[in-house]
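below is the sequence, then the predicted model.
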Amino acid sequence: MTQHLTKDEFLTKVFNFEKNKDWKFEGDLPCVIDFYADWCAPCKMVAPVLEELSEEYEGKLNIYKVNTEQEQELAGAFGIRSIPSILFVPTDGQPQMAAGALPKDAFEKAFEDVLGVSK
């Protein structure tokens, strides 16, 4: 199940950018963050794909969603200029951003290559 994050939840589950200047992942499992808006057509295409993947990869990674309209400070902190923007966050190492609606196989490849997670 994908989970919507507020700024406060993001600070405790992903990265506390108010406390740390350098990247420090706060979570236990690698995660994917979908920066989206309700009015965005490509975002609506990505949503069911992420729901499906969250079930297939349950217990191996977390999939979060951030509504850029409601969480403008969070979107600004990551320089989100276009949506959907997908942030892949490994437990170790730097996160990587991808822009645009990705097909399911591209997500699975990124899960393996960036996050080190396979089914």
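Here it is on my side, so go on. Numbers count the residues shown, from 1 in each chain.

which stretches in the chain count as helices?
Counting by DSSP state H, the segments of the chain that form helices are 7-13, 41-56, 72-77, 104-113.

so which of these is nearest residue 119?
Among the helices of the chain, helix 41-56 comes nearest to residue 119, with 6.3 Å by CB to CB. For the C-beta atoms, the positions are set from N, CA and C on the backbone; glycine is no exception.

what confidence value was assigned to residue 69?
Residue 69 is assigned a predicted lDDT (pLDDT) of 96.

shouldn't it be in contact with residue 36?
No. Using CB atoms under 8 Å, residue 69 is not in contact with residue 36; the gap is 9.1 Å.

neighbour-wise, which of these two wins?
Neighbours per residue (other CB atoms under 10 Å) separate residue 69 from residue 36, with residue 36 holding more: 26 against 12.

which residue packs closest to that one, ignoring adjacent ones?
Leaving aside its sequence neighbours, residue 36 sits nearest to residue 43 (CB to CB, 6 or more residues apart in numbering; 3.8 Å).

nearest spatial neighbour of the residue in the chain sticking out farthest from the centre, skipping sequence neighbours?
The centre of the chain is farthest from one residue, residue 19, which by CA atoms, centre = their mean lies 20.2 Å away. Among residues not flanking residue 19 along the chain, residue 11 sits closest, at 7.8 Å (CB to CB, 6+ apart).

now for that neighbour, how many residues are close by?
Using other CB under 10 Å, residue 11 has 17 neighbouring residues.

so how far is residue 51 from it?
When distance is defined by CB to CB, to the nearest Å, residue 11 is 25 Å away from residue 51.

same check, this time on residue 79
For residue 79, the distance to residue 51 equals 26 Å [CB to CB].

among these two, which residue is more densely surrounded?
residue 51 (14 against 8).

so which residue is dead centre in the protein?
residue 33 (0.9 Å).

pretty sure that residue contacts residue 89?
Yes. Using CB under 8 Å, residue 33 is in contact with residue 89, at 6.7 Å.
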